[in-house]
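Undergrad: Any chance you can model this:
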Amino acid sequence: MGSARQGQALPAIILTMDGRLGVAGQLRRLLGAEERQQVARFLLAQGWAGLHLGESLVRWEESASGRTPLWGAFGPSGELTAVAFTPLGRFHLLAPLQTDREAGHDLLRRLLPELERVSALEDHLVDRELAGFDRSIREITVAASLLVPARPLPQTRRARLRDAAILHRIYQNVSWMRLDSAADWRDRLRREPTWVVEEDGRVVAAARWTKRYGQVVEVGGVATDPERRRRGAATSAVLAATAPALSAGLTPVLCFQDPALAPLYLNLGYERVGRELAFRRLPPPVPGL
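TA: Here you go, the predicted structure:
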């Protein structure tokens, strides 16, 4: 073992999902509390790259009972080099080293029949087995500082619980939040720091801290009333949510899928650092169609 190249993951005995032991690639099931702590340290050390998997893991452990479905690859000195998280039909992979990506693919192939969603950073996933899935791509950007436009911008403030109803109406124009209710928004405002833009005493836009893990926070949920777009409201909301993160010494991450949004965020100081791939299983074809 001591002769292995530094950073090369080694084959290991794993516990399969059905409880049997066997040799199947380089990722093995992590069951002990000490190993889960090692995963947390590994994800924190990845900075922005560990945000989404780390935050998902924390939410799972807060809401679920039983053992966390975690898998890990280890280097020659026992260091963790890759992590896979497989809760309830989902598969999240973080494999920074090239030597671990085939191991991630081996695990993915074994679990594929029971998976509905798969996600990973673009160069961390071997996706040749995912022909039956729909793929989407999100750009990942990080801001080290802000570029504030010289033109006047609308006023911003922290959101209050009484803003829940108007935020609910604004987010009805965001496809992935149309099903939320005003009550859901009150709960969200209690959990997620949110900043809103006001024009003529009316809330017209918002941005939030949607995820946080360690010293990294995601600025997301950027939405504007359709009647008030292209007037600087989204710019103000993003600036309002990003500035306090930077002031607190946090790393703000912002992700987007629509390429048309790139100028908005890049002109404010965000820089591209990677892309996230997400796969959702396509529904079976309807006979006769």
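
Undergrad: so which strand or helix has the nearest residue to Thr156 once chain neighbours are set aside?
TA: In space, and not counting its chain neighbours, Thr156 is closest to Ala240: 3.8 Å by Cβ to Cβ, 6 or more residues apart in numbering. For every residue, glycine as well, the C-beta is placed using N, CA and C. Assigned by DSSP states H and E, Ala240 belongs to helix 233-247.

Undergrad: any residues touching that helix, and which ones?
TA: 143, 145-146, 148-149, 153-157, 193-197, 199, 204-209, 217, 219, 222, 224-225, 251-252, 254, 264-265, 268-269 (Cβ atoms under 8 Å, 6 or more residues apart in numbering).

Undergrad: For whatever helix or strand Val217 lives in, enumerate the helices and strands it packs against.
TA: Taking DSSP H and E as the criterion, the element that holds Val217 is strand 216-224. Strand 216-224 sits against helix 51-63, helix 164-171, strand 202-213, helix 233-247, strand 251-256, with contacts defined as 3 or more Cβ pairs under 8 Å, 6 or more residues apart in numbering; DSSP states H and E.

Undergrad: Turn these into a markdown table, including distance to Ala45 and mean neighbour count.
TA: Formatted as a markdown table, the helices and strands packed on strand 216-224 follow (distance: least, Cβ to Cβ, whole Å; neighbours: other Cβ atoms under 10 Å):
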| stretch | distance to Ala45 | mean neighbour count |
| --- | --- | --- |
| helix 51-63 | 10 | 18 |
| helix 164-171 | 34 | 19 |
| strand 202-213 | 12 | 22 |
| helix 233-247 | 20 | 22 |
| strand 251-256 | 13 | 22 |
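
Undergrad: Low-confidence bits of this protein, can you list those?
TA: Residues of the chain meeting the criterion pLDDT under 70: 1-25, 65-66, 288-289.

Undergrad: Who are the contact partners of the residue positioned nearest the centre of the chain?
TA: Centroid-nearest residue in the chain, with Cα atoms, centre = their mean: His52, separated by 3.1 Å. Listed by Cβ under 8 Å, 6+ apart, the contact partners of His52 are 92, 119, 211, 218, 276.

Undergrad: which of the residues you listed has the most neighbours?
TA: Among the contacts of His52, Glu218 has the most neighbours (other Cβ atoms under 10 Å), with 24 neighbours.

Undergrad: so how far is Phe85 from it?
TA: Distance of Glu218 to Phe85, computed by Cβ to Cβ, to the nearest Å: 17 Å.
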